[in-house]
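[1] Sequence plus the predicted model coming up.
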Amino acid sequence: MALIALTGLLLVASGVSLFDGQHDTRRALIERFGVRAEVTGRLMATFTADLVATEQRVAARYLAGSAPSYESLADVSDALGFQASVLLDSTGVLLQVFPPRPELIGEDMTVKYAHLRAAVEGRITVSNVVPSAAEAISVTAFAVPFDTPGGKRV
């Protein structure tokens, strides 16, 4: 009988020890995920800030002319690694689109795209996943207002 009681006690102790070990492992795993999420968040914030600054600088240099060409927008888009991009005037009217969709030139893009509307209002905005204007491919867009001699553009 004492042997059965001792065996039972050992089983209970083993179960408690196993449970405690699993609890510690779970807690450590949750802490690691938290650290990874924090690091990823900082990385994305830095990436976004750098991209926006570069986009503003490049756009002000190459897309500020009175009649920006499709080639200029295509060159800037390629250099920045963008699959798609639009260039708007200060009211949200499309000046150029990459890849080309000439029939869209002159349309108010703020009607369809909230992130572009916010940028026309002066706020740098990152969209949710939206269909690109040119090809309707899914993109996350960075809408960045910038100054030109002729006024703001996005």
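    Cool, the structure landed. Numbers count the residues shown, from 1 in each chain.
[2] Let me see the ranges of the helices in this protein.
    2-62, 70-80, 114-120 (DSSP state H).
[3] May I see the buried residues of the last one?
    The neighbour-count criterion (16 or more other Cβ atoms under 10 Å) identifies His115, Leu116, Arg117, Ala118, Ala119, Val120 as the buried residues of helix 114-120. Placement of C-beta: from N, CA and C, glycine included.
[4] how close does the fifth one sit to Val144?
    If I follow you right, that is Ala119. 6 Å (Cβ to Cβ, to the nearest Å).
[5] shared neighbours of those two, which are they?
    Counting by Cβ atoms under 8 Å, 6 or more residues apart in numbering, the shared contacts of Ala119 and Val144 are Val154.
[6] Distance-wise, check the closest residue to Tyr70 other than its chain neighbours relative to Gly151.
    Excluding the flanking residues, the one nearest Tyr70 by Cβ to Cβ, 6 or more residues apart in numbering is Gln96, at 5.5 Å. Distance, Gln96 to Gly151, using Cβ to Cβ: 16 Å.
[7] ok so, going back, check whether the residue nearest to Tyr70 really touches Leu88, as I assumed.
    No: assessed by Cβ atoms under 8 Å, Gln96 is found out of contact with Leu88, at 9.0 Å.
[8] where does the protein dip in pLDDT?
    1-21, 23 (pLDDT under 70).
[9] try it again with 80
    1-24, 26, 29 (pLDDT under 80).
[10] Could you list the residues in contact with stretch 34-48?
    Val126, Phe142.
[11] So Val154 versus Arg36, what's the distance?
    34 Å.
[12] of these two, who's got more company?
    Val154 (28 against 10; other Cβ atoms under 10 Å).
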